[in-house]
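Enquirer: Need a 3D model of the sequence below.
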Amino acid sequence: MTDKPATPDSFTLTVPLPDEAATRALGAALARHLAPGDFIALTGDLGAGKTALARALIQARFGPGGADEDVPSPTFTLVQTYETPDLLITHVDLYRLDDPEDARELGLNEALDEGAMLMEWPDKWGTLPATRLDIALTLMGEEVRGARLTGHGAWATRLRKLSPALKP
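Expert: Numbering: from 1, shown residues only. Prediction:
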């Protein structure tokens, strides 16, 4: 694991994800710190684990029994919303969009005003919020994945504080 400042207003942390349990643990750890207005940008190749991490985070936010919550991939619906006990979470997958204008027509800014947002393929949205958490998932071997988390703005401070809890 590597901790480093990316810029004065950001902080980067790399977390190995050797198995599905590690991905669920990362999602659960992040879920405890998700707040209204938070934007999490999930990037990585197809099959890197973006939806698995989002699913783990959303299920953890439901609390005990959350693993039983149905959290499908929004690949075909583009947007799925979840009313957890204390936070509205919008999960977005822009993979099928070609033009950022199409993404703007989805009314996502309003969703971010009402709760937190997890966005897969955020490069298809255009300009991202200045305060956000970027999570880049990579395949590091046949089944081993890794997550590079970069906090920007207020997320840089939060990620620094979270860093010890995310270390394996």
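
Enquirer: got the contact list for the spatially most central residue of the chain?
Expert: For the chain, the residue nearest the mean C-alpha position is residue 40 (4.2 Å; CA atoms, centre = their mean). Going by CB atoms under 8 Å, 6 or more residues apart in numbering, residue 40 touches 30, 34, 57, 116-119, 132-135. Backbone N, C-alpha and C define where each C-beta goes, glycine included.

Enquirer: before we move on, what about residue 46?
Expert: So residue 46 contacts nothing (CB under 8 Å, 6+ apart).

Enquirer: Let's verify it: helix, strand, or coil?
Expert: Look at residue 46: counting by DSSP: H, G, I helix; E, B strand; the rest coil, its state is coil.

Enquirer: Next, find the distance separating residue 96 from residue 140.
Expert: Residue 96 is 27 Å from residue 140, where distance means CB to CB, to the nearest Å.

Enquirer: same check, this time on residue 63
Expert: Distance from residue 63 to residue 140, by CB to CB: 31 Å.

Enquirer: so how many other residues sit close to residue 38?
Expert: 22 (other CB atoms under 10 Å).

Enquirer: Spit out the contact partners of the residue lying closest to it once chain neighbours are set aside.
Expert: Spatially, and ignoring its direct neighbours in sequence, residue 38 is nearest to residue 116 (4.1 Å; CB to CB, 6 or more residues apart in numbering). If you count contacts by CB under 8 Å, 6+ apart, residue 116 has them with 34-40, 87-90.

Enquirer: Pop out the phi and psi values for residue 116.
Expert: phi -110, psi 160 (degrees, to the nearest 10).
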